[in-house]
Every structure is written in structure tokens, then in C-alpha cells.
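J.: Sequence first, then the predicted structure:
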Amino acid sequence: MNIQKRLLFLFVLLSSIGAVSAQTKSDVFNKDTEITWLGLDFSHAKLLGDREKFGSESDLRHLMTAWNELILNEPEKYDVAKAVGRSKVATAIDVTGDRNGEVDVQAMFTNDQKDYLHIQPSDIEGIVSSFDFKGKTGIGLVFIVETFSKPNEEGSVFVTFVNMGSKELLFSERLTAEPKGFGMRNFWAGCVFGVLTKMQKKEFENWRKKYYRP
């Protein structure tokens, strides 16, 4: 390899390393920076109450898939792009789909009120580090589901932005919303809709003030 080729190789290598590490909190709010929607992650989720309505283990596995597919199939209602100030987002729900397929479903069910807000904000970094982003880079957005609680009539998720190339947690914020709708799929999807609506109306702008640095 001659000197010119070596320098070119080094330039490309350094550029790719820079691209992986360049994502920052501020980039989340830059409309020119692409965001990839990764879906709902149930790896640490608890389902409080309503055990019988979730059905069998296979029923719940189907529901986890159905919730993610619903958001993808009805973008006008579940408008992830608008919630993050974009005209569009990329999608890669296989990232959470594979993780959800490995969840111990029986461990998700609980009747203990202590399980309602059981994830500490400090836990999110460790959860993010366990993700397989399948070689994707740039900023990923994932909703880490904490609890769907029938007694509280509320669902809780951590809205989480990550640098997929480095697995660095950019920031994560807990939001709660009321479920609405008929049937278990639509009822708890209503919670996700509520979270997206809160982001669009106020929360994303609040986060901009908190995290953006020009």
C-alpha cells in the first residue's frame, strides 16, 4: 500500500470514528440530524394488575409485537417524527423486537404496588449498554417501558435517546400517560399515544431548554 492509499485509509477510518462519537444531546434537537425510532422495549417492564386480560404467554408476546407494529402502521396517529420535531424518522424496531422476544413473560406480571415505578433513572445507562443496535449508528430513540398499571390507570415509560454507535446514553426522561381505547392492544397503545402527545405539546421543548447547548 503506497503512502497516498495509507493516508486515504487513515482519513476514512478517523472520519468514521468521528461520526460514531459525534452525537451529542444537542444533536437530538437539530432537525438536520436523523433520529431512528427503535420501538418499545419491554425487557424491564412490569404489568401491574389485569393479569387475566393479558391472556396466555403467547398472547402477551403477540401483544408486544402488535404494539410496536401499530405505531409503525399508524404514523399519522402515533407520530414519532412530530414528537421529536422532525418531518420523518428512520425505523428499526427489530432492535427491540429481538429483545422483547427474549423477555421472561411470567416475570412481567405483578400485583405489588411497589413495582409501579421500579426503574431508577440511574438504571437506564446499564439497560442501554445491553442493547444490540445491529451495526446501526446515529441517534436512536427507544421507549423503555417501565410499567403498564391498571390500578394506577397509567403507564410509565422512559423516553430514551442513545448514540447507537457508541451505546452512549444521551438522555432519558420518564413520562407517564393514561391508557385509552378498547381491547388490550388499543388500551395500552393509548398510553404511548399520550406520551407522544406530551412530547409534541411541551416536553420535547422543555428538554431542549434543559439539554441543548449551541
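T.: Right, received. Where do you want to start? Predicted model, so just to flag it, every value in this text is computed and none were measured.
J.: where's Thr160 relative to Leu38, distance?
T.: For Thr160, the distance to Leu38 equals 9 Å [C-beta to C-beta, to the nearest Å]. Backbone N, C-alpha and C define where each C-beta goes, glycine included.
J.: Where do the helices of this protein begin and end?
T.: 3-21, 51-54, 57-73, 80-83, 94-100, 105-108, 124-129, 183-198, 204-211 (DSSP state H).
J.: Go through those helices and name the closest to Gly140.
T.: helix 94-100 (7.4 Å; C-beta to C-beta).
J.: Not counting its own residues, what contacts that closest one?
T.: By C-beta atoms under 8 Å, 6 or more residues apart in numbering, the surrounding residues in contact with helix 94-100 are 38-43, 61, 64-65, 68, 131-134, 136, 140, 142.
J.: List buried residues within the residues you listed.
T.: Leu38, Gly39, Leu40, Asp41, Phe42, Ser43, Met64, Asn68, Phe131, Phe133, Gly140, Val142 (16 or more other C-beta atoms under 10 Å).
J.: Show me which of these is closest to Leu170.
T.: Out of the buried ones among the contacts of helix 94-100, the member with the shortest distance to Leu170 (by C-beta to C-beta) is Gly140, at 9.2 Å.
J.: The closest one and Asn206, how far apart?
T.: Counting by C-beta to C-beta - Gly140 and Asn206 are separated by 21 Å.
J.: partner residues bridging the most centrally placed residue in the chain?
T.: Most central in the chain under C-alpha atoms, centre = their mean is Val142, positioned 1.2 Å from the mean C-alpha point. With DSSP bridges applied, Val142 shows beta-bridge pairing to Gly39, Thr160.
J.: Can you list the low-confidence ranges for this structure?
T.: Flagging of the chain using pLDDT under 70 yields the residue ranges 1-22.
J.: Other residues contacting stretch 174-186?
T.: By C-beta under 8 Å, 6+ apart, stretch 174-186 touches 53-55, 63, 66-67, 70, 117, 121, 146, 148, 153-159, 187-195, 197-199, 203.
J.: Please apply the same query to stretch 23-36.
T.: 84-86, 89-92, 136, 138-141, 161, 163-166, 168, 170-171, 207-208, 211-214.
J.: Of those residues, keep whichever come out buried.
T.: Counted by 16+ other C-beta under 10 Å, those give 84-86, 89-92, 138-141, 161, 163-165, 168, 170, 207, 211 as buried.
J.: if we can go back for a sec, would you turn the buried ones among the contacts of helix 94-100 into a markdown table with distance to Gln23?
T.: A markdown table is the format used below for the buried ones among the contacts of helix 94-100 (distance: C-beta to C-beta, whole Å):
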| residue | distance to Gln23 |
| --- | --- |
| Leu38 | 14 |
| Gly39 | 19 |
| Leu40 | 22 |
| Asp41 | 19 |
| Phe42 | 25 |
| Ser43 | 23 |
| Met64 | 28 |
| Asn68 | 24 |
| Phe131 | 15 |
| Phe133 | 12 |
| Gly140 | 9 |
| Val142 | 14 |
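J.: Okay, the nearest residue to Lys167 once chain neighbours are set aside and Glu168: tell me how far apart.
T.: What sits nearest to Lys167 in space, not counting adjacent residues and going by C-beta to C-beta, 6 or more residues apart in numbering, is Ser129, at 5.4 Å. For Ser129, the distance to Glu168 equals 9 Å [C-beta to C-beta].
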